[in-house]
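Visitor: here is the input, now give the coordinates:
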Amino acid sequence: MPKIPYDPNYLCFITTVTHKRRPIFRDQKLAERLGTMIMMACRLKGFVPLVYAILPDHLHLLVCSQHLLLRTLESVRSNNQTSGEAGGGLFPPLAGPRLSAVASLPAPQVGALVKSIKGTFSRTLPHGTVWKRRYHCWMIIDGRDAARVVKYITYNYRHSGVLERYGREPYVWCDDGMIGQILS
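Guide: Coordinates of the predicted model:
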C-alpha cells in the first residue's frame, strides 16, 4: 500500500497498538496519563482532538488540523451572516482575512503528532517498549464517514469485548460540540 501524505484539509483517524498487544491500559491511571498526553500533543502539533478511545492494548484517535477547524468555523460564521447562500460543503475552501495567518503556517504532520504522544507517554514509564513502531492513519473526507468513525471510536469497547468502564472517561473522550460544528 503506498504512503499517502496527510492533507490538513481533512479529518484524520489514527489507530496505534501497544507492543505485543500488552493490555497496559487496564490501569486507569495510565489511561488518564495517556489522555493528558493526547491533549497536550495535539495542541503542540497543530491538531484539535475530536474523540479518542483508549482500550487495554490500543488507541483510536480522531483529530483535525487547526487549519481545518478555523476554516470550518469561518465558513459557518459566513453562512450565518449571509443566510440563503449555499454552504461550502463539509470542508469548504480556506478564505477570509482572519485566516491568512493560519494559512501561512506549515501544515501539521500526523507523524509528528503520533511520535509526540507515544514518545512522551513512554518516557513517563520506567519499563521498556510500550508501543509498536507503526500506526494506521486514514483521512476522512466525507461527513457520513466522519459520523461513522466517531460512533465506531465511541462504542469500540463493545466490539472489543472489554468491561463497560472502557465506555466512559478516562477511556473515552468526545468533544460533541466541536464535532457538531465540523459536521454541520
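
Visitor: so where's this protein uncertain?
Guide: Along the chain, segments meeting pLDDT under 70 span 1-5, 73, 75-105.

Visitor: now with 80, please.
Guide: 1-6, 69-107, 127-128, 183-184 (pLDDT under 80).

Visitor: and the longest helix for it?
Guide: helix 28-45 (DSSP state H).

Visitor: for that one, buried residues please.
Guide: Neighbour counts over helix 28-45 (16 or more other C-beta atoms under 10 Å) mark 30-31, 33-35, 37-38, 41-42, 45 as buried. Quick note: C-beta positions are derived from backbone N, CA and C, even for glycine.

Visitor: kindly report the same for stretch 120-127.
Guide: Buried-residue list, stretch 120-127, by 16+ other C-beta under 10 Å: 120-121.

Visitor: the protein: strands as residue ranges?
Guide: Here the chain has its strands, by DSSP state E, at 11-17, 47-55, 58-65, 136-140, 172-174.

Visitor: in JSON lines: those strands, plus mean neighbour count and distance to Arg148.
Guide: Shown next, in JSON lines, are the strands of the chain (neighbours: other C-beta atoms under 10 Å; distance: least, C-beta to C-beta, whole Å):
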{"stretch": "strand 11-17", "mean neighbour count": "20", "distance to Arg148": "10"}
{"stretch": "strand 47-55", "mean neighbour count": "23", "distance to Arg148": "12"}
{"stretch": "strand 58-65", "mean neighbour count": "24", "distance to Arg148": "11"}
{"stretch": "strand 136-140", "mean neighbour count": "16", "distance to Arg148": "9"}
{"stretch": "strand 172-174", "mean neighbour count": "19", "distance to Arg148": "14"}
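
Visitor: make a markdown table out of these and add distance to Leu125.
Guide: Shown next, in a markdown table, are the strands of the chain (distance: least, C-beta to C-beta, whole Å):
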| stretch | distance to Leu125 |
| --- | --- |
| strand 11-17 | 16 |
| strand 47-55 | 15 |
| strand 58-65 | 15 |
| strand 136-140 | 23 |
| strand 172-174 | 21 |
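
Visitor: closest one to Arg26 among these?
Guide: Among the strands of the chain, strand 47-55 comes nearest to Arg26, with 9.7 Å by C-beta to C-beta.

Visitor: and Val172, how far is that from Lys29?
Guide: According to C-beta to C-beta, to the nearest Å, Val172 and Lys29 sit 16 Å apart.

Visitor: again with Gly128
Guide: Distance of Gly128 to Lys29, given as C-beta to C-beta: 19 Å.

Visitor: now swap in Cys64 and tell me
Guide: With distances taken as C-beta to C-beta, Cys64 is found 29 Å from Lys29.

Visitor: same thing with Thr120?
Guide: Look at Thr120 and Lys29: by C-beta to C-beta, they are 16 Å apart.

Visitor: re the thing from before, for Arg165, state which of the buried residues of helix 28-45 is nearest.
Guide: Ala31 (9.6 Å).

Visitor: contact partners of the longest helix of the chain?
Guide: Contact with helix 28-45 is made by 24-25, 47-49, 52, 54, 59, 61, 63, 108-109, 112-113, 116-117, 120-121, 124-125, 165, 169-171, 173, as judged by C-beta atoms under 8 Å, 6 or more residues apart in numbering.
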